[in-house]
Every structure is written in C-alpha cells, then in structure tokens.
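J.: Show me how the following folds:
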Amino acid sequence: MQRLSATLYRKVARPACDVFINHRGIDTKRNIAGLLYDSLTRNGVRSFLDSKNMKPGDRLFDHIDRAIVGSKVGVAVFSPRYCDSYFCLHELALLMESRKRVVPIFFDVKPSNLRVKDNGTCPPNELRRFDLALQEAKNIVGLTFDSSKGDWSELLRDASDAVMVNLMEVEEERKRMKTRV
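T.: Numbering: from 1, shown residues only. Below you'll find the model as predicted:
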C-alpha cells in the first residue's frame, strides 16, 4: 500500500477530530453512523461525520481529506451499497494510505461480498487504489451486524468500546515514540 505523500501532509491542516466515520449515508447515516457519532461525542471524543461537521460552502474533498489526515482512528461502516460510492472508497483509501487505525463495522454485509465495481467512470489507477484499500480493510478484525436480528445497543456499545480502545492504543504508541526521540 502506498504511503501518503509528504506534500499532502503539508497541504492539509490538522482538524479538530480524533475519529473519522467513513460510511455510505444512504445506508447508515440515520442509524449506526449517526448513533456512533452521538455516543462518541457524549464521551468527549471529537468525531467527524460529514452531515455533522460540514456546512454549505465547504469544499467536499478538502474538508474530508483534512479530517482523515488529522484523525487518529477511522471507523469504516461497510454496508450493502458502500462500494457503489466513489466518496466512500476514496475516504477508505486515504485512511489506509495514511496508516490510520481502522475499526471496520460490517453492517448488513459480509466482508466477502464487498467488491470494487468498475462502472466505467473511474480511472484504472483509482480502481486499483480502491481495491487495495478494500482488501486491506477486509483483513482487519471488525464488528459484524445484521440489522434484522442484531441488538442495536450491543452494537453501539461494542463499536464505541472498540474506538476508545484504539484511541488509547494510538496515544500510547505516540507517547512511546516521543520517549524514543
């Protein structure tokens, strides 16, 4: 997986967010993505969810890319129509390229059913980039949830806990790195 270029790091300022929530809005904004954002915010975690952190006039890619690069942990909420979205795949690729900790949530979809689709509008190099990111994310231990049978409160608790644990581990890694220098 390619590393995020130093130029992009210099280009984007660090936003005020700890967690970036990557999701397909049509599938998850009004349920798990929104609920997770609210839960994390109540617990003092600065989270980024496009519908909560962006306003009319914001430049979409600039704002989202800054939030991803500045975040400590990403949450990728995979859903049945996730791979239909260029934006979702771009965000996932940037999370993976910037070597963020990612907590996958497989919401009403099995990891084996997630595939990048070539609808003829995306250049081949982007398709490869998206496919590499998706394959990498599918190999990370995540949470699975079937909305027809699952316990929503349990999913929200487990997802919040997973994010908090990953945030603490990232902070511990940063402290260890500082003491080495």
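
J.: now Ala137: how far from Phe145?
T.: Counting by CB to CB, to the nearest Å, the gap from Ala137 to Phe145 is 16 Å. No exception for glycine: its C-beta is placed from N, CA and C like everyone else's.

J.: okay, the two: which has more neighbours?
T.: Neighbours were tallied for Ala137 and for Phe145 using other CB atoms under 10 Å; the higher tally belongs to Phe145 (24 against 21).

J.: Bridged to that one, which residues?
T.: Partner residues in beta bridges with Phe145, using DSSP bridges, are Phe107.

J.: can you tell me which residues contact it?
T.: Shown here is Phe145, whose contacts under the criterion CB atoms under 8 Å, 6 or more residues apart in numbering are 32, 105-108, 155.

J.: Reformat these into JSON lines and put distance to Thr41 next to each item.
T.: Putting these into JSON lines (distance: CB to CB, whole Å) gives the following:
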{"residue": "Ile32", "distance to Thr41": "15"}
{"residue": "Ile105", "distance to Thr41": "17"}
{"residue": "Phe106", "distance to Thr41": "23"}
{"residue": "Phe107", "distance to Thr41": "20"}
{"residue": "Asp108", "distance to Thr41": "24"}
{"residue": "Leu155", "distance to Thr41": "17"}
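
J.: Closest one to Arg24 out of these, please.
T.: Within the set of those, Phe107 lies nearest Arg24; the separation is 9.1 Å, counting by CB to CB.

J.: What is the neighbour count of the closest one?
T.: Per other CB under 10 Å, the neighbour tally for Phe107 reads 25.

J.: how about the strands of this protein, start to end?
T.: Secondary structure of the chain, counting by DSSP state E: strands at 19-23, 47-48, 73-78, 101-107, 143-145.

J.: tell me what the fourth one is packed against?
T.: Packing contacts for strand 101-107, counted by 3 or more CB pairs under 8 Å, 6 or more residues apart in numbering; DSSP states H and E, involve strand 73-78, helix 124-138, strand 143-145, helix 152-180.

J.: what about the first one, average pLDDT?
T.: Confidence over strand 73-78, taken as the mean pLDDT, stands at 97.

J.: sorry, back to before: in terms of mean pLDDT, which of the strands of the chain ranks lowest?
T.: strand 47-48 has the lowest average pLDDT among these, namely a mean of 90.

J.: where does the chain have low pLDDT?
T.: Regions of the chain meeting the criterion pLDDT under 70 cover residues 1-16, 54, 58, 181.

J.: Neighbours of Leu89, how many?
T.: Neighbour count of Leu89, defined by other CB under 10 Å: 23.

J.: Now do the contacts for it.
T.: When the contact criterion is CB under 8 Å, 6+ apart, the partners of Leu89 are 83, 116, 130, 133-134.
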